[in-house]
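Participant: Sequence first, predicted model second:
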Amino acid sequence: MTPFLAKTPAQVGSILRGIRAQRGLTQQQLAERLGLPQKAISIAETHAERMPLSRLFQLLGALEVELMLADGRRNRSRARVEW
């Protein structure tokens, strides 16, 4: 998978939405995997600034995605900024 670069909560939400769609999951299906209401997934994708960090890690785990942090001073030409 191509690495993604997110600098804002909105970009995080967009990336999550894209990965979920790529996995062929609806918001409802992902919510059911996590035992959450569908609204929680909607909020994560559209208002990520309101999502607790613990929820982000739940979503990443369910989508089988890892979070990587990189030094922002390095060349970022290989990372995608948006979905």
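Facilitator: Cool, got the structure. Residues are numbered from 1 along each chain as shown.
Participant: Mind listing residues that contact the top helix by length along the chain?
Facilitator: Using DSSP state H, we find that the single longest helix of the chain is helix 9-22. Contact with helix 9-22 is made by 4-6, 27, 30, 41, 44-49, 51, 56, 59, 63, 65, 81-83, as judged by CB atoms under 8 Å, 6 or more residues apart in numbering. For every residue, glycine as well, the C-beta is placed using N, CA and C.
Participant: again, 6 Å this time
Facilitator: Helix 9-22 has contacts (CB atoms under 6 Å, 6 or more residues apart in numbering) with 4, 6, 30, 44-46, 48-49, 59, 63, 65, 82-83.
Participant: average model confidence for stretch 55-75?
Facilitator: The average pLDDT for stretch 55-75 rounds to 89.
Participant: same question, stretch 24-34
Facilitator: Averaged across stretch 24-34, pLDDT comes to 98.
Participant: chain center to that stretch, what's the gap?
Facilitator: 13 Å (CA atoms, centre = their mean, to the nearest Å).
Participant: Same question for stretch 28-36.
Facilitator: Mean-position distance between stretch 28-36 and its chain equals 15 Å (CA atoms, centre = their mean).
Participant: Alpha carbons of it, in PDB - could you do that?
Facilitator: Only the C-alpha atoms of stretch 28-36 are listed here, as PDB (Å, rounded to 0.1, in the frame of the first residue of the first chain):
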ATOM      1  CA  GLN A  28     -22.200   0.000   8.800                       C
ATOM      2  CA  GLN A  29     -20.100  -3.100   8.200                       C
ATOM      3  CA  LEU A  30     -17.000  -1.500   9.800                       C
ATOM      4  CA  ALA A  31     -19.000  -0.300  12.700                       C
ATOM      5  CA  GLU A  32     -20.400  -3.800  13.300                       C
ATOM      6  CA  ARG A  33     -16.800  -5.200  13.300                       C
ATOM      7  CA  LEU A  34     -16.000  -2.800  16.100                       C
ATOM      8  CA  GLY A  35     -19.200  -3.000  18.000                       C
ATOM      9  CA  LEU A  36     -19.900   0.700  17.400                       C
END
